[in-house]
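S.K.: Okay, predicted coordinates and the sequence, questions at the end:
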Amino acid sequence: MDGLVEHRVGSSRVRVDPEAIQIEEVAEGSRPFRALYEHWERHQWSPFATDFSTDAATFAALDETTRAGLVLVFAHRFHAEFNVAALLAPFLLAAPDYEVQLLLATQVADEHRHIESVLRVYSDVFGVDGGIEAVKALADAQLDPVAATLYQALDGVVRALEASRDEDSFLKAVVAYHLIGEGSIGRANQNFVADQFDRIGSFPGLREAQRLAVRDEVRHIGIGVSYARRRLTRDGAYARALIDEIVEGFDALGHNLVEHATPDVVDRFVGAYGAAPATLWAEVLRQLHLRLRSIGISDVRGARTA
Ligand SMILES: [Fe+2]
Ligand SMILES: [Fe+2]
């Protein structure tokens, strides 16, 4: 993928994207939570400000298959933003202290803004009228078993916060949601989507809306990285075991999904992202390793995730 740079992580040099360096620099600072909040204050944007006129013309001129692929990308994006926005409520209630609570409050606002931005793409680029109900119905009809299973697993970890708001449940939810959902699946998806926009035509509005959302997402990942780092520093092996439990479960689930992806699901992913599930999965794992290194884990268990 373009834009990768050589970067020293721990004792080795790895290829990372610039956003990964940004996350790491914040997390390693003396006041990471304050720095993330100040970043949020400095980087406000409006989903109404993007000009989608060129994008609408490009979309209208695409052939039907390419158009369907692009709509599928946004169905995935809609589900991601919609689920994430709903799941933040239990996080907010379980925040272990004020500074984490403050950041989660900013994230609640961000994720709802992202939904609004996606709704604008549906109305102004795809020509879908009827607001969120119409978009949700359309996106639900396109949900594939791979995405559905991943959401279900991650949701389950976060939903545990509804019954127990202790710090260990909170850590596991942060690993599932901020490090895996946003930090690995989300980052991998954003990289493939950006390449795909460029491949199929001129989409300056989609690129701009994506750039703004990704800037927010990098900050959200920074919240998770900073919190998990703090727990590892405080609680050592005990926190490590909680993190490993979630990472290993996700690793096994992902491998299983890729291995058993049916030919029609493979075709749909190739049509939408220009890559098969196995290629996407390799990038998800690369991102996951970067996130784990950022929190201080470089000896990831489970040899399959090399
Ligand atoms: Fe988002
Ligand atoms: Fe996010």
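M.R.: Arrived safely. None of these values were measured; they are calculated from a predicted model. Ligands and ions are numbered 1, 2, ... in the order given.
S.K.: Show me which residues of the stretch 151-300 of the chain are close to ligand 1?
M.R.: On the criterion Cβ under 5 Å from the ion, ligand 1 has no neighbours in the stretch 151-300 of the chain. C-betas here are computed from N, CA, C, even on glycine.
S.K.: Which of the helices or strands spans the residue in the stretch 151-300 of the chain that ligand 2 sits nearest to?
M.R.: Nearest residue of the stretch 151-300 of the chain to ligand 2, counting by Cβ to the ion: residue 220, 3.7 Å away. Element membership for residue 220, per DSSP states H and E: helix 204-259.
S.K.: Report the separation between residue 95 and residue 244.
M.R.: Separation of residue 95 from residue 244 (Cβ to Cβ, to the nearest Å): 24 Å.
S.K.: Leaving out the residues flanking it, which one is nearest to the residue sitting furthest away from the middle of the chain?
M.R.: Centroid-distance maximum for the chain: residue 61 at 29.8 Å, with Cα atoms, centre = their mean. Counting by Cβ to Cβ, 6 or more residues apart in numbering, the nearest residue to residue 61 once its immediate chain neighbours are dropped is residue 201, at 7.6 Å.
S.K.: for whichever residue of the stretch 1-150 of the chain sits closest to ligand 1, what are its contacts?
M.R.: Closest contact between the stretch 1-150 of the chain and ligand 1, by Cβ to the ion, is at residue 114 (3.7 Å). Counting by Cβ atoms under 8 Å, 6 or more residues apart in numbering, residue 114 touches 47, 81, 85, 213, 216.
S.K.: Give me the pLDDT value at it.
M.R.: Looking at residue 114, its pLDDT reads 95.
S.K.: tell me which element it falls in.
M.R.: helix 98-124.
S.K.: how much does the helix or strand just after that helix deviate in direction from helix 98-124?
M.R.: Following helix 98-124 in sequence order, the next helix or strand is helix 131-141 (DSSP H and E). Counting by axes from the mean of the first three to the mean of the last three Cα atoms, to 10 degrees, helix 131-141 lies at 90 degrees to helix 98-124.
S.K.: Up against ligand 2, what does this protein have?
M.R.: So the chain meets ligand 2 at 182, 217, 220 (Cβ under 5 Å from the ion).
S.K.: Mind doing that once more with 6 Å?
M.R.: Residues of the chain that fall close to ligand 2, judged by Cβ under 6 Å from the ion: 84, 111, 182, 217, 220.
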